[in-house]
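> For reference, the sequence and a predicted model appear below.
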Amino acid sequence: MARDRFDDDRWCFACGTNNPYSLHLKFRWEGDDYVCDFVPQRVHQGWAGVVHGGILCTLLDEGMNTMLCHTVGAVVTAELRVRFRNPAPIGVPIQVRARLVSSRLRLHETEAEAALADGTVLATATGKMMQVEGEIAGPAPE
C-alpha cells in the first residue's frame, strides 16, 4: 500500500502519549546511541516474574525504528532478528540502546540491545528498516 503521508496521532503502542495502554517509551540521544529506559510491570509478563518476549521485541524494534524516523524520515521494519540472552525480570529497569550500522539507498541496517544496569544483556537485535516515501505529519490536535 503506497502512502504519501504518515500521521502520528500519538496512539502508538510503544510511545503513544494518547494511548492509555502504551508503553510510553521516551528516547534520548547519548552520542551515536538512541537510548530509552523502561521498567516493565506485571502486565508485561509472560512467565511469572519474567517480561514477555514480545515486549522485549517491541522495545528493540521501537528503538531502531524511531531513531531513523527522527533522522531520515518515515521507515518501516523490513526485517527484525532478535536473540534472547537472559530472562528479563519484572520491576527491574531495562535500558535499550539502538544505533545505525549502515545505509544503502532506502535500506538502513540497525542494531539494538536491551540490558540491565549491571550490564546483563537481556536481548540483542538487528533490523533492516526500509525508508518509505511520504511525509510524517505531526501529532493530531488533542
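That came through fine. Numbers count the residues shown, from 1 in each chain.

> any low-confidence regions in this protein?
Across the chain, the ranges flagged by pLDDT under 70 are 1-5, 134-142.

> can you map out the strands along it?
Using DSSP state E, the strands of the chain run over residues 5-8, 27-30, 33-38, 75-84, 94-104, 107-115, 121-131, 135-139.

> any chance of the ones you listed in TSV, plus distance to Asn65?
Quick note: C-beta positions are derived from backbone N, CA and C, even for glycine. Putting those into TSV (distance: least, CB to CB, whole Å) gives the following:
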stretch	distance to Asn65
strand 5-8	12
strand 27-30	11
strand 33-38	10
strand 75-84	6
strand 94-104	8
strand 107-115	8
strand 121-131	6
strand 135-139	12
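
> From start to finish, how long is stretch 64-78 in a straight line?
Using CA to CA, to the nearest Å, one end of stretch 64-78 lies 12 Å from the other.
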